[in-house]
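# need a 3D model of the sequence below.
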Amino acid sequence: MIFRLVAAAMALMMTFPAEAQEFPVTIPHAFGETTIPAAPQRIVTWGWAAQDAVIALGEVPVGIPFFDYGGDEEGGLRWTRDAVADMGAAFPTILPMSNEPPVEAIAALKPDLILAVYSGLTAEQYGVLSQIAPVVAYPDAPWSTSWQQTIAITGAALGKPEAAAGLVGDLEQFITDETAKYPEVAGASFAGIAEYNGEVAVYAGLDSRMKFLEDAGLVLAPSVTELAQGENFYFSLSYELFDQLKSDLLISYFETPEADAAFFSNPVVAAQPQVAAGAVAHVVGAELINAISPPSALSLRWGYPKYIALIAEAARAAAAE
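Coordinates of the predicted model:
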């Protein structure tokens with residue numbers, strides 16, 4: 001449930017002083033630990049969500065990633081731009097679009113801290129970036145950091161653990177309040193799907209958006225775990241085996257209405273009990289998908305009301321069967 005992640009985030013924060021931190025501060029992560037000698041003034045973020053955590057805590061990074069998925073033509077995200085504008089600040093430099101950290105562009109910004117809290121940073125990349133500035137990576141596995149952890153770790157790095165704790169609490173309450181509008185979603189079993197290489201892509205238990213929904217009170221369908229066969233994030237399922245994916249409802253993710261329509265017009269897909277009953281939450285559009293996959297400190301308020309309303313509609317259809 002939601003409060004399990006609150007406890008985890010608070011436990012992480014308890015490893016740091018309750019008041020504004022005195023530097024230096026040392027933060028553990030998957031590649032060891034990093035010492036930040038003084039309050040950072042020039043922060044570069046890499047991966048997803050860290051830039052929003054920094055901004056939500058009152059600072060503006062000097063550099064952020066290019067967001068091709070869900071971003072505008074320049075690679076900026078709507079909620080990030082809105083928040084920076086509300087602060088009356090200049091928008092950060094957007095780094096060149098790349099699957100790997102653009103080392104030269106990052107170095108040119110002369111950062112004194114690089115945050116890659118929710119990312120796929122490799123050990124080699126961590127070593128290279130550490131020659132530029134202190135780097136804080138993800139706490140455990142790549143792409144598995146919860147949004148609560150992202151805020152907590154960012155708050156520790158900025159010397160603002162209390163502000164981070166307050167932000168987590170406020171956002172958790174926002175989720176609770178929004179979810180309470182739709183009691184029908186509580187306990188509903190779900191499976192998250194898309195299409196990939198001519199097969200059904202199913203999101204497994206460690207995928208951040210699945211964990212997010214579990215903590216909002218839904219239940220990841222046991223069939224997902226059974227069919228995953230040890231895959232932690234996602235797996236492919238042939239259309240012939242699609243009927244083994246049993247759940248109260250399906251949550252699908254497609255970038256365009258055309259892609260969504262093409263997938264669900266497949267006779268095999270259309271024949272699935274959840275689809276035939278209308279128990280599908282059609283999450284369409286890269287911007288909305290980005291906002292809740294998983295949410296960030298800024299995107300959550302923008303995306304979650306839309307997301308949970310779609311899920312509730314599917315849950316009502318499932319309950320009507």
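
# remind me, longest strand of this structure?
Of all the elements of type strand in the chain, the one with the most residues (DSSP state E) is strand 189-196.

# the helix or strand just after that one: which residues count as buried?
Downstream of strand 189-196, the next assigned helix or strand under DSSP states H and E is strand 199-203. For strand 199-203, burial by neighbour count (16 or more other C-beta atoms under 10 Å) applies to 200-203. Any C-beta I mention is one placed from the backbone N, CA and C, and that applies to glycine too.

# and the strands in the stretch 1-150 of the chain, which stretches?
25-29, 32-36, 43-45, 63-64, 93-94, 113-115, 135-136 (DSSP state E, counting those that start in this stretch).

# same check on the stretch 151-300 of the chain?
Going by DSSP E, counting those that start in this stretch, the stretch 151-300 of the chain shows strands at 189-196, 199-203, 219-220, 234-237, 249-254, 280-284.

# can I get these in TSV with distance to A105 and mean pLDDT?
Listed next are those as TSV, based on distance: least, C-beta to C-beta, whole Å; pLDDT from 0 to 100:
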stretch	distance to A105	mean pLDDT
strand 189-196	31	96
strand 199-203	32	95
strand 219-220	39	96
strand 234-237	30	92
strand 249-254	30	98
strand 280-284	32	98
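
# deepest in the core, which of these is it.
Mean neighbour count, computed with mean count of other C-beta atoms under 10 Å, is highest for strand 249-254 among those, reaching a mean of 24.

# paired strands for that strand, with orientation please.
For strand 249-254, the paired strands and their directions (DSSP bridges) are strand 189-196 (parallel), strand 280-284 (parallel).

# let's have these in TSV, adding distance to W79.
Formatted as TSV, the strands paired with strand 249-254 follow (distance: least, C-beta to C-beta, whole Å):
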stretch	distance to W79
strand 189-196	22
strand 280-284	17
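
# how many neighbours does A261 have?
For A261, the count of nearby residues is 12 (other C-beta atoms under 10 Å).

# from L288, how far off is it?
17 Å (C-beta to C-beta, to the nearest Å).

# surely L57 meets A164?
Yes: with contact defined as C-beta atoms under 8 Å, L57 counts as touching A164 (6.3 Å).

# related to what we said a few turns ago, dump the strands of the stretch 1-150 of the chain to JSON lines, plus mean neighbour count and mean pLDDT.
JSON lines is the format used below for the strands of the stretch 1-150 of the chain (neighbours: other C-beta atoms under 10 Å; pLDDT from 0 to 100):
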{"stretch": "strand 25-29", "mean neighbour count": "17", "mean pLDDT": "97"}
{"stretch": "strand 32-36", "mean neighbour count": "14", "mean pLDDT": "98"}
{"stretch": "strand 43-45", "mean neighbour count": "29", "mean pLDDT": "98"}
{"stretch": "strand 63-64", "mean neighbour count": "25", "mean pLDDT": "98"}
{"stretch": "strand 93-94", "mean neighbour count": "16", "mean pLDDT": "98"}
{"stretch": "strand 113-115", "mean neighbour count": "27", "mean pLDDT": "98"}
{"stretch": "strand 135-136", "mean neighbour count": "24", "mean pLDDT": "98"}
